[in-house]
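Asker: Task: produce atomic coordinates for the following.
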Amino acid sequence: MPGSASAQGVPAGASFSNAVDGEQRGMIAVELRLRAKNSRISPRTYLRQIAWRARSTDTSAAAELNTIDMIHPDVIGRAAEIQLEFQQAKPFRHVAIDNFLLPENCESLLRDFPVFDEKRATNELGLIGRKAVVERISDIGPFYKAFYKYINSAPFLDAMSKLTGIRDLIADKTLFGGGTHNNLSGQGLDVHIDFNIDERNMLHRRINLLIYLNKEWEEAWGGAIELHSDPYNATTDEAASFLPLFNRAVIFETNEYSWHGFRRIALPPDKQHLSRKSFSIYLYTKDRPAEEVLAPHTTFYVPQPLPDNLRAGHTLTDEDMLELHIRTQGRDGLLRMYQKLLIEKEQQIRDFLKLSQEGTPTYRAIMNSRSWKLVMALHRLKYRLRHLF
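Answerer: Prediction:
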């Protein structure tokens, strides 16, 4: 029926009368009618807002209502246009979308954003850095719990497929490496490509969705996300960059050449209370194009080059020395990290070979596992592709 709740985007079986009593429903309706009139939002969005409010008074109804779209309907309405922009973008497939979420949803993400916690700021080297990550976002508060349910829902995954053209996307319920990212002044992110396979489930990593939550940010402060074609060659490298502005989403495909990172944040003295806030979501598929398939690998970083001003005849300043220290320290840290990973992998191979020689049940279980079969299939495919060309 045209006037039914389900026809306006509310899930079948979700009852407003069960979620709020008559007085509460009347107050919410009056408030949202005024907001709808002032914001010129659609009736569908209006009903979504009522549904979202209702969840706080009835958890059973909330289980149904939390999967309602939180992406702005205007974005969904332009899905075909956005997908075309994504497909044609250089240096690799990406798109930046302003006003990505409904305004009240983005405001809630910022309002409840967790404060910087050193316990959540351990970097790849085991040191306390200036980037704190919270993956268990349901523990942050009611809205983050609702947002978590939404980004794991079919409507969200379907919307992401429409925006990118990549079908059959799968959410990571653990938000491994994702969730809230809080970067303080002095933090940067070396240009890198991400790990390509979630080895826990043997799924291919396909999409990075970054939602920024910074109402105040300037280009001179650093921190803009940069997408590169070839960070190893400055003369031919093509790059696109986007400031991390409030309710801006940057979506890009994850592959073997989706190099990205951001320059070190340098906030002015009167802005040290700010930080670079974002929310990261990574999506996967069971398969990917054959020409993109590689064996599982970790994240690969490109060490920062030496500063441009280091030329013959230049006299080093205290600032130059600090910059050199930071960059060489970062490069040494990457070498230590990769050395550690290499030793761990070598030990895993040795342990596996030992099991194979003993013919233990553990070895047989590994050989029959889905993970092992996928690795072997990747090697066979790589061999065949080499001989085709």
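
Asker: Okay, now the unreliable bits of this protein?
Answerer: In the predicted model, the chain carries pLDDT under 70 at residues 1-67, 124-125, 331, 338, 352-353, 355-360, 362-368, 370-373, 375-389.

Asker: Recalculate using a threshold of 80.
Answerer: Counting by pLDDT under 80, the low-confidence segments of the chain come to 1-68, 123-127, 304-310, 320, 322-389.

Asker: ok, which stretches of it are strands?
Answerer: Using DSSP state E, the strands assigned to the chain run over residues 94-97, 131-134, 170-171, 179-183, 189-193, 197-198, 203-212, 225-228, 239-242, 249-253, 259-262, 276-285, 300-301.

Asker: Now that we have those strands, can you turn them into JSON lines and tack on mean neighbour count and distance to His314?
Answerer: C-beta coordinates here come from the backbone N, C-alpha and C atoms, glycine included. As requested, these are exported to JSON lines (neighbours: other CB atoms under 10 Å; distance: least, CB to CB, whole Å):
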{"stretch": "strand 94-97", "mean neighbour count": "22", "distance to His314": "36"}
{"stretch": "strand 131-134", "mean neighbour count": "20", "distance to His314": "32"}
{"stretch": "strand 170-171", "mean neighbour count": "17", "distance to His314": "50"}
{"stretch": "strand 179-183", "mean neighbour count": "22", "distance to His314": "30"}
{"stretch": "strand 189-193", "mean neighbour count": "20", "distance to His314": "24"}
{"stretch": "strand 197-198", "mean neighbour count": "20", "distance to His314": "44"}
{"stretch": "strand 203-212", "mean neighbour count": "22", "distance to His314": "36"}
{"stretch": "strand 225-228", "mean neighbour count": "22", "distance to His314": "26"}
{"stretch": "strand 239-242", "mean neighbour count": "17", "distance to His314": "25"}
{"stretch": "strand 249-253", "mean neighbour count": "23", "distance to His314": "36"}
{"stretch": "strand 259-262", "mean neighbour count": "22", "distance to His314": "26"}
{"stretch": "strand 276-285", "mean neighbour count": "21", "distance to His314": "31"}
{"stretch": "strand 300-301", "mean neighbour count": "18", "distance to His314": "27"}
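
Asker: Tabulate those (JSON lines), appending distance to Ala80.
Answerer: Formatted as JSON lines, the entries for the strands of the chain read as follows, by distance: least, CB to CB, whole Å:
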{"stretch": "strand 94-97", "distance to Ala80": "12"}
{"stretch": "strand 131-134", "distance to Ala80": "34"}
{"stretch": "strand 170-171", "distance to Ala80": "23"}
{"stretch": "strand 179-183", "distance to Ala80": "30"}
{"stretch": "strand 189-193", "distance to Ala80": "29"}
{"stretch": "strand 197-198", "distance to Ala80": "30"}
{"stretch": "strand 203-212", "distance to Ala80": "18"}
{"stretch": "strand 225-228", "distance to Ala80": "23"}
{"stretch": "strand 239-242", "distance to Ala80": "22"}
{"stretch": "strand 249-253", "distance to Ala80": "15"}
{"stretch": "strand 259-262", "distance to Ala80": "25"}
{"stretch": "strand 276-285", "distance to Ala80": "20"}
{"stretch": "strand 300-301", "distance to Ala80": "34"}
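
Asker: tell me the domain ranges of this protein?
Answerer: Dividing the chain into domains by automatic domain parsing, as the record does, gives the ranges 6-68, 76-302, 331-388.
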